[in-house]
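Engineer: One predicted model, sequence on top.
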Amino acid sequence: ILVDDESTVTPDGDEGSVVDACSEIQNTDELNGNIAFIQRGGCDFQDKVTFAQNAGAVGVIVFSNDQPLSIMAGTRNSVNIPAVMISQADGQMIRDKLAEDQEVTVTLDKDLFIDIQEDGNTLGAFSGRGPNLADSDFLKPDLVAPGVNILGGHTPNVANGFRGELYQYLSGTSQSTPHVAGIAALLREAHPDWGPSAVKSALMTSARQNIVREDGSTQADPFDMGAGHIVPNNAVDPGLLYEIETEEYDAYLCKVGLRRIDEGQCQLLFDSGLDLDAKDLNLPSFAISELAGRQDVVRRVRNPGPDNQFEVQIDTPDGLEVEVTPSTLNLSTDETAEYTVTFRTSDSSRLYEWLYGGISWLSDQHRVYSPFIVQPTEIGFDEEVTGTGASGSTSIDVDFGYDDAYEASVAGLEKACTLPDLNTADDTCPFN
């Protein structure tokens, strides 16, 4: 029975519908003992189902609007009748039948399954995306893993979901993380000498990129998927490894003021040449948030397998020039080599736009892939400069992405305003 609450205004005062069940339902006589048919939107799902239950309904079908189907959630034990959601198209079909006074029979059965063809290569709408707000010269995410509609064993005393069931379909990072953790454990079993950075490198460089966004058609980019979707069997034999020593992480943390070692140890790292920005860490990915003209980035790789030769292949976007030197690596077992990636802007019309591509090292048996994402700018500089004392000077590193004059201007510092007492009105020291 299509509900009627006789109100076209939602509880928040927005425009609603008489069939959204966001207020007390009025057609209780015909609804009593039947299934309530309710439109999505306007209020919480729990409110809709509660109003339907109060009106005598034995179940609820919510038909969606133009939004994707979602899991309806609410406070446990707030309602005692079942509720399901169907698509907008299916809902319109049922509304048409009800408008013609046709009887619609509904069967709710937890043992009834509908076969749905899933591609499996579509990102969940909830999946975290880049850029990395803490430091955008790190590419995040690193990679993606299965996390949508994952079937697994589950406690029958579940906090959210059907109680009394031993299996559930769940979605979220909580499903992706166990996949990656289990695969990492298997990689450590196969290669006990690998450290965390080697495991991460193997997972990223062996990933696949045939992933689309949640719309089902748009190709995912590195801000969506990082290096791509994990391929466990390929990660066992990745071809090359990007490894990072603890001292390199510490050097970066010292530089950004998040040190976990004392200042003296930080200075020793700096004196040894480990003065590292985020882009300098030996990660199997590249991110440059301010590319003013040109930047060189160095990476170090190790060949954990038999003697091999690797040739570079570059996927370069419009607006960017990318060069890798050397373009060929001939490495024996456990031999290490460095290569330099040079990024240059080539199109001023694409300034302040994130451009992405990839670098692959190819052998007869391997494709060692690293994504990059770069934002060309006219100028690059440190956003913060600190100093101490009443006088003195400091320097600011500036990178220019153009050939022309520039002018520097200074703003502040302003003389502090001192309140004469605690009872002075706020406008004594106006904020400008």
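Structural biologist: Here it is on my side, so go on. Treat the numbers as computed from the prediction; the structure is a model and nothing was measured. Residues are numbered from 1 along each chain as shown.
Engineer: contacts and neighbour counts: CA atoms only from here.
Structural biologist: Fine.
Engineer: can you map out the helices along the stretch 151-300 of the chain?
Structural biologist: Secondary structure of the stretch 151-300 of the chain (DSSP state H, counting those that start in this stretch): helices located at 173-190, 196-205, 222-225, 232-236, 246-255, 263-271.
Engineer: I'd like to know which of those helices is closest to D20.
Structural biologist: Nearest to D20, of all these, is helix 173-190, at 32.0 Å by CA to CA.
Engineer: Dump the closest one to CSV, restricted to CA.
Structural biologist: Provided in CSV are the C-alpha atoms of helix 173-190 (Å, rounded to 0.1, in the frame of the first residue of the first chain):
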residue,chain,number,x,y,z
THR,A,173,38.0,-0.7,4.6
SER,A,174,37.4,-3.3,7.3
GLN,A,175,37.1,-5.9,4.5
SER,A,176,40.0,-4.6,2.3
THR,A,177,42.5,-4.5,5.2
PRO,A,178,42.3,-8.3,6.0
HIS,A,179,42.8,-9.1,2.3
VAL,A,180,46.0,-7.0,2.2
ALA,A,181,47.2,-8.2,5.7
GLY,A,182,46.8,-11.9,4.7
ILE,A,183,48.6,-11.4,1.4
ALA,A,184,51.4,-9.6,3.2
ALA,A,185,51.7,-12.5,5.6
LEU,A,186,52.0,-15.0,2.7
LEU,A,187,54.6,-12.8,1.0
ARG,A,188,56.7,-12.8,4.2
GLU,A,189,56.3,-16.6,4.3
ALA,A,190,57.6,-16.8,0.8
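Engineer: now for it, which elements pack on it?
Structural biologist: For helix 173-190, the elements it packs on are helix 196-205, helix 232-236, judged by 3 or more CA pairs under 8 Å, 6 or more residues apart in numbering; DSSP states H and E.
Engineer: re earlier: redo the helices of the stretch 151-300 of the chain as TSV? Include distance to E321, mean neighbour count and mean pLDDT.
Structural biologist: Listed next are the helices of the stretch 151-300 of the chain as TSV, based on distance: least, CA to CA, whole Å; neighbours: other CA atoms under 10 Å; pLDDT from 0 to 100:
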stretch	distance to E321	mean neighbour count	mean pLDDT
helix 173-190	34	16	95
helix 196-205	22	24	97
helix 222-225	18	24	96
helix 232-236	30	18	96
helix 246-255	27	18	93
helix 263-271	31	14	93
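Engineer: I38: what's its closest spatial neighbour, skipping adjacent residues?
Structural biologist: V62 (4.8 Å; CA to CA, 6 or more residues apart in numbering).
Engineer: Could I get the phi/psi values of R367?
Structural biologist: Per-residue torsions, R367: phi -130, psi 110 (degrees, to the nearest 10).
Engineer: now it: how far from Y356?
Structural biologist: Distance of R367 to Y356, computed by CA to CA, to the nearest Å: 18 Å.
Engineer: which intervals of the protein have sub-threshold pLDDT?
Structural biologist: 113-114, 116, 160-161, 422-428, 430-432 (pLDDT under 70).
Engineer: Now for T28: which residues touch it?
Structural biologist: Counting by CA atoms under 8 Å, 6 or more residues apart in numbering, T28 touches A55, G56.
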